[in-house]
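Asks: quick one, structure for this:
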Amino acid sequence: MPRSSGKKHAKSRRPAPSHRHPDPERSEGKGSAVRSEGSAVRDPRVTEQRNPRTADIDLASPLEIVDLIAAEDARVPEAVRSQRDAIACAIEEAEATFRRGGRLFYVGAGTSGRLGVLDASEMPPTYGTDPEMVQGIIAGGYAALTRSQEGAEDTIENAVKDLDERGVRAGDFVIGIAASGTTPYVRRALEHARSRGARTGLVACSPPPPEAVAAADILIQPISGPEVVTGSTRMKAGTATKLVLNTITTGAMIRLGKTFGNLMVDLRATNNKLRDRSQRIVMEVCEVDRKRAQELIDGAGGVVKTAIVMHYLGAARAEAERALEKAGGVIRKAIGRKPPPVR
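Replies: Next up, the predicted model:
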């Protein structure tokens, strides 16, 4: 895929870091500490620096702790918004990847890896995707989801093995997630993915070192600042990362036609809640009662968007599916009408 289908996003593929590293000779993974006046040692990674606004949090009451954390969390959305161009490029890349039959992989360690696995696991029930379409890879394997695997992020050749086991290849899109920007496992994964011809991206909440930047086609840097508790990147950095991943996959799914307006029309009714939602969507869009909505859904093999197209085209399932394919999966194009207004 070309670097961007829209010229306004073209420069976002590798935006210049908004913060400079105090020490250009940072060591791999850990970052070289910088000695300031006196005996204090300051880590160049933003996520490892102390937050002056919470320096006395150990004296705070429960309500004061809530207020301090909430005030810090309120800074996160703007950090994410500052990366809007780069995130839009990632949406474009993900959409193009899916349309050519490729897959999206998230790769991370610790909290970053868990967030990638979480986002990937939510795609099948929400948008009816094949589980292979979006996958999360975490250093240390799935055992690391519930129990920390010490040293997993430093065993860089495991990144090669983990990607090879999933057959990462040209046409895929691999996004590394590293709160500090320095995780060795993630950097090696991106280098290996690129050597296989895959496109690459990096989400980091602290400006990454040059070798990590060089491995990413798209660099997303929501610099969320020092944490409430120093180095606890499951907090602001984790929240920023979740917002970025939400936006990338949601944006790509919308572009693929998996919504009609803002209605979730490509879900799979795998439980009572989703069955009810499926029925209500068809009832609203097609202006039918619940019984008829379920008949349409059953006739469409449980696929809500196909049921809607069947209704408006007066077509059988096969014909509705062909109409959707011709329309690139977009209901508006297939039936030539807008979704119902919000009431």
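Asks: do a quick rundown of the helices in this structure.
Replies: 62-73, 76-81, 84-99, 110-121, 123-127, 157-165, 184-195, 210-214, 236-255, 272-286, 290-299, 304-313, 317-326, 331-335 (DSSP state H).
Asks: so which of those helices is nearest Gly201?
Replies: helix 84-99 (5.5 Å; Cβ to Cβ). Where C-beta positions appear, they are placed from N, C-alpha and C, glycine not excepted.
Asks: please name every helix or strand in contact with the closest one.
Replies: Where contact means 3 or more Cβ pairs under 8 Å, 6 or more residues apart in numbering; DSSP states H and E, helix 84-99 is packed against strand 104-108, strand 173-178, strand 199-204, strand 218-220, helix 236-255.
Asks: which of the residues in it are buried?
Replies: For helix 84-99, the neighbour count (16 or more other Cβ atoms under 10 Å) marks 85-98 as buried.
Asks: what mean pLDDT does it get?
Replies: Mean per-residue pLDDT for helix 84-99: 98.
Asks: centre of the chain to that helix, how far?
Replies: 11 Å (Cα atoms, centre = their mean, to the nearest Å).
Asks: that helix relative to strand 173-178, how many degrees between them?
Replies: Orientation note: helix 84-99 sits at an angle of 140 degrees relative to strand 173-178 (axes from the mean of the first three to the mean of the last three Cα atoms, to 10 degrees).
Asks: related to what we said a few turns ago, tell me the most buried of the helices and strands packed on helix 84-99?
Replies: Ranked by mean neighbour count, those are led by strand 173-178 with a mean of 30 (mean count of other Cβ atoms under 10 Å).
Asks: can you tell me the strand partners of that one and which way each runs?
Replies: strand 104-108 (parallel), strand 199-204 (parallel) (DSSP bridges).
Asks: who's in contact with the nearest residue to Leu274 once chain neighbours are set aside?
Replies: Among residues not flanking Leu274 along the chain, Leu267 sits closest, at 5.8 Å (Cβ to Cβ, 6 or more residues apart in numbering). Leu267 sits next to 125-128, 274, 277-278, 304 when contact means Cβ atoms under 8 Å, 6 or more residues apart in numbering.
Asks: ok, now Ala71?
Replies: For Ala71, the contacting residues are Arg53, by Cβ under 8 Å, 6+ apart.
Asks: distance of it relative to Met310?
Replies: Using Cβ to Cβ, to the nearest Å, one gets 51 Å for the distance from Ala71 to Met310.
Asks: swap in Thr129?
Replies: 21 Å.
Asks: comparing these two, which residue is more hemmed in?
Replies: Counted by other Cβ atoms under 10 Å, Thr129 and Met310 do not tie: Met310 has more neighbours, with 25 against 21.
Asks: present the helices of the chain as CSV; the columns should include distance to Gly176.
Replies: Shown next, in CSV, are the helices of the chain (distance: least, Cβ to Cβ, whole Å):
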stretch, distance to Gly176
helix 62-73, 24
helix 76-81, 17
helix 84-99, 12
helix 110-121, 9
helix 123-127, 19
helix 157-165, 9
helix 184-195, 4
helix 210-214, 8
helix 236-255, 11
helix 272-286, 32
helix 290-299, 39
helix 304-313, 33
helix 317-326, 33
helix 331-335, 34
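Asks: against Thr183, how distant is Pro209?
Replies: Look at Pro209 and Thr183: by Cβ to Cβ, they are 11 Å apart.
Asks: those two: who's more crowded?
Replies: Ranked by neighbour count (other Cβ under 10 Å), Pro209 and Thr183 place Thr183 first, with 30 against 24.
Asks: phi, psi of that one?
Replies: With angles defined as degrees, to the nearest 10, Thr183 sits at phi -60, psi 120.
Asks: verify the stated contact: it with Thr111.
Replies: No: in this structure Thr183 lies outside contact range of Thr111 using Cβ atoms under 8 Å: 10.9 Å.
Asks: low-confidence ranges in the stretch 51-200 of the chain?
Replies: When residues are selected by pLDDT under 70, those of the stretch 51-200 of the chain lie in 149-154.
Asks: who is Tyr106 paired with across the strands?
Replies: So, taking DSSP bridges as the rule, Tyr106 has Gly136, Ile175 as bridge partners.
Asks: relative to Asn246, how far out is it?
Replies: Tyr106 is 12 Å from Asn246, by Cβ to Cβ.
Asks: overlap in contacts of the two?
Replies: Common contact partners of Tyr106 and Asn246 (Cβ under 8 Å, 6+ apart): Asp119.
Asks: let me know the pLDDT of the residue nearest the centre of the chain.
Replies: Centrality entry for the chain: nearest residue to the mean C-alpha point is Leu245, 1.9 Å, by Cα atoms, centre = their mean. Looking at Leu245, its pLDDT is 98.
Asks: what sits closest to it if chain neighbours are left out?
Replies: With Cβ to Cβ, 6+ apart, the residue lying closest to Leu245 is Asp119, at 4.3 Å.
Asks: so that neighbour sits against Val244, correct?
Replies: No: applying Cβ under 8 Å as the test, Asp119 and Val244 come out as separate, 9.6 Å apart.
Asks: report the contact partners of the residue nearest to Ala79 when sequence neighbours are not counted.
Replies: Excluding its sequence neighbours, the residue lying closest to Ala79 (Cβ to Cβ, 6+ apart) is Pro222, at 4.2 Å. Pro222 is in contact with 76, 79-80, 82-83, 203, 205, 240-241, 243-244, counting by Cβ under 8 Å, 6+ apart.
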